[in-house]
Structures are given as C-alpha cells and as structure tokens.
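In: Pasting a predicted model and its sequence here:
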Amino acid sequence: MGKIFYIMGKSAAGKDKIYSCLAAEERLGLQKLILYTTRPIREKEKDGREYFFTNEEKLKEFRESGRLIESRAYHTVHGIWTYFTADDEQVDLEKADYLGIGTLESFVKMRKYYGTDKVIPIYIQVENGERLTRALEREKSQKNPKYAEMCRRFLADEEDFSEEKIFNAGIEKRFENIDLDVCVEEIVKYIKSVQ
C-alpha cells in the first residue's frame with residue numbers, strides 16, 4: 001500500500017525547494033500530489049507544477065460533488081486566496097507513493113481522509129530570523145513584491161504552527177533546513193526507511 005509524504009512548515013522554510021528536490025529524487029519514485037489555489041501565479045511558477053491555479057468556480061464544483069478533501073481560505077491584503085486538495089483521481093495508493101505539500105491544518109484533514117498510516121508528515125523548520133530574511137529576499141525578486149502579505153503570513157504562521165498544534169497533529173520528527181542538501185538527504189533516508 002502506498003503512502004503520501006506530506007511536507008509542511010512555516011512560510012520561507014524552504015518547503016517548495018525541498019518538494020522539488022524530493023520529487024526529482026529517483027531513489028524515492030514519488031508521484032506529485034498537486035494542490036489547487038485561487039491565488040495569482042508567481043513569477044517562475046507554472047500551472048500544474050507547483051499548484052493548479054484555478055478559480056472559485058472550480059472550488060465550488062469540487063465542494064458540490066463531494067470531492068473536496070480540505071480547503072483553507074486566507075484573507076490577504078489582495079483579497080481571499082484559497083488553497084485546497086480535491087479527490088481528482090490523482091492518487092491511487094494501490095499503485096504508488098506520493099509527495100504532497102501544505103499546511104498543518106491540511107495535513108490533519110488529509111490524514112482524516114486517507115488514514116493516519118497513509119499520510120506521513122515531513123515537517124520542515126528554520127530559525128525565525130533566517131525565515132524572515134529568506135521571505136524578504138523572495139519578495140524582492142518578484143516583479144510586484146507583496147511585502148504586506150509576506151508580513152501577514154509570517155505572523156500568521158506563529159499561530160498556525162504553534163507547538164501545541166504540532167503536538168496535537170502527531171508530528172514527532174522535524175527536519176532542520178539550515179543546509180538544503182543535508183536536509184534533503186536526511187528526508188530521503190527517512191522516507192526510504194518507512195516506504
């Protein structure tokens with residue numbers, strides 16, 4: 001039976017880079033679980049690679065058909081952005097292992113939907129000062145930086161990823177992303193040990 005290895009952590013912890021590295025890691029053979037979002041696409045992102053960039057109408061379709069697994073709406077300075085996971089026939093745990101990425105809240109809902117033994121947490125952490133530096137550098141590189149949104153996300157993460165919530169979600173193992181290559185290799189070894 002397959003598993004879904006689910007990456008999560010606070011903003012600017014390096015989740016997207018780690019996701020890309022793990023998805024490309026031939027030793028693991030993981031299939032990508034692509035989430036949906038109604039937020040605008042960022043520079044260098046591609047529809048269907050990082051997310052399926054969609055709209056409220058598609059979200060409504062999944063909800064009304066009973067295929068919405070989880071969703072989270074964020075009231076940003078640019079409007080409401082929704083991220084969601086849908087049962088869109090991407091996942092067949094009889095045939096493969098998958099790699100997903102999301103929030104602590106989405107991880108809990110994924111476990112409820114697929115089963116605790118099928119959704120394995122990969123929690124990434126980085127010291128707050130370093131995270132803030134990384135977030136600022138990422139925004140500076142955008143054509144239209146959204147600094148207010150960056151700050152909102154940074155502060156919201158302190159509540160969304162509180163130690164109590166991490167504990168209640170059953171996350172015991174954490175991966176420190178100080179050096180990307182070292183962190184990825186530790187995760188590869190961990191995934192291979194539970195595949």
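Out: Arrived safely. Numbers count the residues shown, from 1 in each chain.

In: for this structure, what spans make up the helices?
Out: Secondary structure of the chain (DSSP state H): helices located at 15-24, 56-64, 104-114, 128-140, 147-160, 163-168, 180-194.

In: Mind putting these into JSON lines with mean pLDDT?
Out: Listed next are the helices of the chain as JSON lines, based on pLDDT from 0 to 100:
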{"stretch": "helix 15-24", "mean pLDDT": "95"}
{"stretch": "helix 56-64", "mean pLDDT": "96"}
{"stretch": "helix 104-114", "mean pLDDT": "94"}
{"stretch": "helix 128-140", "mean pLDDT": "94"}
{"stretch": "helix 147-160", "mean pLDDT": "92"}
{"stretch": "helix 163-168", "mean pLDDT": "96"}
{"stretch": "helix 180-194", "mean pLDDT": "97"}
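
In: Tell me which of these approaches Thr82 most closely.
Out: Evaluated with CB to CB, the helices of the chain place helix 56-64 nearest to Thr82, the distance being 5.9 Å. Yep, even glycine has a C-beta here, placed from its N, CA and C like the rest.

In: if we can go back for a sec, deepest of the helices of the chain, which one?
Out: Highest mean neighbour count of the helices of the chain: helix 104-114, a mean of 19 (counted as mean count of other CB atoms under 10 Å).

In: Counting by contacts, list what that one packs against.
Out: The contact analysis (3 or more CB pairs under 8 Å, 6 or more residues apart in numbering; DSSP states H and E) places helix 104-114 against strand 4-9, strand 68-76, strand 79-86, strand 119-125.

In: Pull the residues that contact that helix.
Out: Identification of contacts with helix 104-114 by CB atoms under 8 Å, 6 or more residues apart in numbering yields 4, 6, 8, 35, 69-70, 72, 83, 85, 87, 91, 93, 100, 102, 118-119, 121, 160-161, 165-166, 169-171.

In: Stretch 177-190 now?
Out: Stretch 177-190 is touched from outside by 9, 13-14, 17-18, 21-22, 25, 27-28, 122, 124-126, 130, 173, 175-176, with contacts defined as CB under 8 Å, 6+ apart.

In: Kindly report the same for stretch 33-52.
Out: Contact partners of stretch 33-52, identified using CB under 8 Å, 6+ apart, comprise 4, 16, 53-56, 58-59, 62, 76, 78, 80-86, 90-91, 98-102, 106, 141-143.

In: run the last query once more with 7 Å
Out: 4, 16, 53-56, 59, 81-86, 90-91, 98-102, 142-143 (CB atoms under 7 Å, 6 or more residues apart in numbering).
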